[in-house]
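K.L.:
Got a sequence here, can you build the structure:
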Amino acid sequence: ENVKVRKQFENATKTVKEMEEKNAELDKIIGMASILETHNITVKTLNDKGKETKRLKRISKLEICFTVLRNITAERGEKTVYLRINDPMGGVMGEKANQTFDFEGNNIAYTAKKNMAYNGENTDMCIYYKADTTLQKGTYTIGIFADGNLIGTTGFVLQ
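P.N.:
Numbering: from 1, shown residues only. Sure, this is the predicted structure:
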């Protein structure tokens, strides 16, 4: 009887271990599936009056609009979306020492941020950045972050 009980205990222990490994794999898959994504990222260059302009010297504000896509596995509620704009030289625009957020275990600088109420459905939003210096000619890159993940990227050229 002792041998039989030990064998059953060993089998049960083995089954529990296998189930824990499967659960860990499923948690990882669910975590990846719950990462938000963006679509339709647009950039407009605006003057002091809020009208669109292409003249480099007149640009005082950038309007970055996008859609956060529907995701049924993502956590709902209030989320902070961070915008990071890199100028043609690679520097982060609007960078201040206290403007950082956590991304892959590092604190990195952001240009602007905005809170949104996410309900799991497509959510349109715009983030504005008031240029604190005259913008330069060249290619700018934009990264959009939420929940510690990069959820969208785009670039634009100023001439």
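K.L.:
now the strands: where do they sit in this protein?
P.N.:
Shown for the chain, the strands assigned by DSSP state E span residues 38-46, 61-68, 77-86, 100-103, 106-109, 112-118, 123-130, 138-146, 149-158.
K.L.:
looking at those, which is closest to Arg6?
P.N.:
strand 149-158 (46.9 Å; CB to CB). The C-beta positions use only the backbone N, C-alpha and C, and glycine is treated the same way.
K.L.:
relative orientation of the closest one and strand 38-46 in degrees?
P.N.:
Interaxial angle, strand 149-158 versus strand 38-46 (axes from the mean of the first three to the mean of the last three CA atoms, to 10 degrees): 40 degrees.
K.L.:
and the strands of the chain as JSON lines, adding mean pLDDT?
P.N.:
Listed next are these as JSON lines, based on pLDDT from 0 to 100:
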{"stretch": "strand 38-46", "mean pLDDT": "96"}
{"stretch": "strand 61-68", "mean pLDDT": "96"}
{"stretch": "strand 77-86", "mean pLDDT": "95"}
{"stretch": "strand 100-103", "mean pLDDT": "92"}
{"stretch": "strand 106-109", "mean pLDDT": "91"}
{"stretch": "strand 112-118", "mean pLDDT": "95"}
{"stretch": "strand 123-130", "mean pLDDT": "95"}
{"stretch": "strand 138-146", "mean pLDDT": "96"}
{"stretch": "strand 149-158", "mean pLDDT": "95"}
